[in-house]
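Q: predicted model and sequence below, questions to follow.
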Amino acid sequence: MTKKRVALITGAGRGIGRGIALELSKNGFALAGCDILYAPRERKTGLFEVKAAVEKLGGEFLPLRGDIASLGDHEIILRAVLRKFGRLDVLVNNAGVAPEVRRDILETTPESYDRVLSVNARGAFFLTQKAAKEMIALVKKDPAAKPAIIFISSISAAVSSTARAEYCISKAALSMAAKVYADRLAEFGISVYEVRPGIIRTDMTEPVREKYDKLLAEGLVPQRRWGFPEDVGKVVAALAAGAFLYSTGLVLEVSGGMDIRRL
Ligand SMILES: NC(=O)c1ccc[n+]([C@@H]2O[C@H](COP(=O)([O-])OP(=O)(O)OC[C@H]3O[C@@H](n4cnc5c(N)ncnc54)[C@H](O)[C@@H]3O)[C@@H](O)[C@H]2O)c1
């Protein structure tokens, strides 16, 4: 068993997941990352680029192929983490997708609804269920362990976007999943947190980059800049490191102040 605390990050192959991996590594975690972007020969993007970046920081990163929407992959992912490191201290449910096409709520298709919900909400819910059981077993073996589960939802859990209803609904569902898991797992000393990013510069927001450049310049976000993966990563690292041990169920926005109601 490794002496380091161990974190599993879903969707770690790029963007916010990558930023979380780098910050957790700087904080001494041994890491496993799963993604559908799994190409061992591809070193410029995806999990193996992240592995190289983590190793450059002196850390350890186990890349795992896995589709969070496919419940059969969950057991395989968790077994691989336990085989390599012998324990799981932190799960970061980060993998998520936006609708392939932004459509008005009056035109949302069942296919897009099911696709978005199955990754963002259903996948994270059932992976957490399995991971939580491993964490309960860990606490029984090592009462000093302070496991944590962190859900990366979105400001869209509470903010309406009429052109991507299925995304907003998936994040609202994820937000409630975080709350119910926080309630259920508190007795075991497992903390559960929800992190809500605002407008973060990643591949996911690339198609709407110009739109947001303009809105940011006009002052949509009080802090008047894009968020970056490391902004989210630093918050996740503080939560994972145990800076908020008496605050299970905490919801933290990382949005440059978008939650401030303004006149
Ligand atoms: N970028 C933003 O502005 C923003 C804002 C709020 C919330 N978020 C959330 O943050 C998370 C990360 O977003 P991002 O901007 O880094 O997106 P991204 O598209 O750049 O990266 C997402 C990663 O998840 C992986 N992934 C997608 N589906 C998967 C699946 N079924 N199984 C495993 N991996 C899968 C992708 O391959 C990719 O590597 C998502 O949950 C997203 O909804 C993003």
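A: Perfect, thanks for sending it.

Q: please report how far residue 100 lies from residue 149.
A: With distances taken as CB to CB, to the nearest Å, residue 100 is found 28 Å from residue 149. Placement of C-beta: from N, CA and C, glycine included.

Q: what of residue 123?
A: As judged by CB to CB, residue 123 and residue 149 stand 14 Å apart.

Q: now do residue 79
A: For residue 79, the distance to residue 149 - CB to CB - is 18 Å.

Q: so where is this structure shaky, pLDDT-wise?
A: Residues of the chain meeting the criterion pLDDT under 70: 1.

Q: residue boundaries of the strands in it?
A: Under the criterion DSSP state E, the chain contains strands at 6-10, 30-35, 61-65, 90-93, 148-152, 191-197, 251-254.

Q: for those strands, give me JSON lines that also has mean neighbour count and distance to the ligand.
A: Formatted as JSON lines, the strands of the chain follow (neighbours: other CB atoms under 10 Å; distance: least, CB to the nearest ligand atom, whole Å):
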{"stretch": "strand 6-10", "mean neighbour count": "28", "distance to the ligand": "6"}
{"stretch": "strand 30-35", "mean neighbour count": "28", "distance to the ligand": "4"}
{"stretch": "strand 61-65", "mean neighbour count": "21", "distance to the ligand": "9"}
{"stretch": "strand 90-93", "mean neighbour count": "29", "distance to the ligand": "8"}
{"stretch": "strand 148-152", "mean neighbour count": "26", "distance to the ligand": "5"}
{"stretch": "strand 191-197", "mean neighbour count": "25", "distance to the ligand": "4"}
{"stretch": "strand 251-254", "mean neighbour count": "19", "distance to the ligand": "9"}
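
Q: how about these, which one is nearest residue 206?
A: Proximity to residue 206 (CB to CB) singles out strand 191-197 among the strands of the chain, at 15.2 Å.

Q: what does the stretch 151-263 of the chain put close to the ligand?
A: With CB under 6 Å from any ligand atom as the criterion, the stretch 151-263 of the chain meets the ligand at residues 152, 154, 197, 199-200, 202-205.

Q: report the buried members of these.
A: Buried members of these, counted by 16 or more other CB atoms under 10 Å: 152, 154, 197, 199-200, 202, 205.

Q: can you flag which of those belong to helices?
A: Assigned to helices by DSSP state H, none of those qualify.

Q: quick one: which of the residues you listed is nearest residue 13?
A: For these, the closest approach to residue 13 (CB to CB) belongs to residue 202, at 11.3 Å.

Q: quick one: the closest one and residue 16 touch, right?
A: Yes - contact criterion CB atoms under 8 Å: residue 202 and residue 16 qualify, at 6.0 Å.

Q: quick revisit: okay if I get the strands of the chain as TSV plus distance to residue 54?
A: Compiled in TSV, the strands of the chain are given as follows (distance: least, CB to CB, whole Å):
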stretch	distance to residue 54
strand 6-10	11
strand 30-35	6
strand 61-65	4
strand 90-93	14
strand 148-152	18
strand 191-197	20
strand 251-254	21
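
Q: so what's the residue in the stretch 51-200 of the chain that the ligand sits nearest to up against?
A: As assessed by CB to the nearest ligand atom, the ligand sits closest to residue 96 within the stretch 51-200 of the chain, at 2.1 Å. Contacts for residue 96 (CB atoms under 8 Å, 6 or more residues apart in numbering) come out as 11, 119-120, 152, 154, 170, 204.
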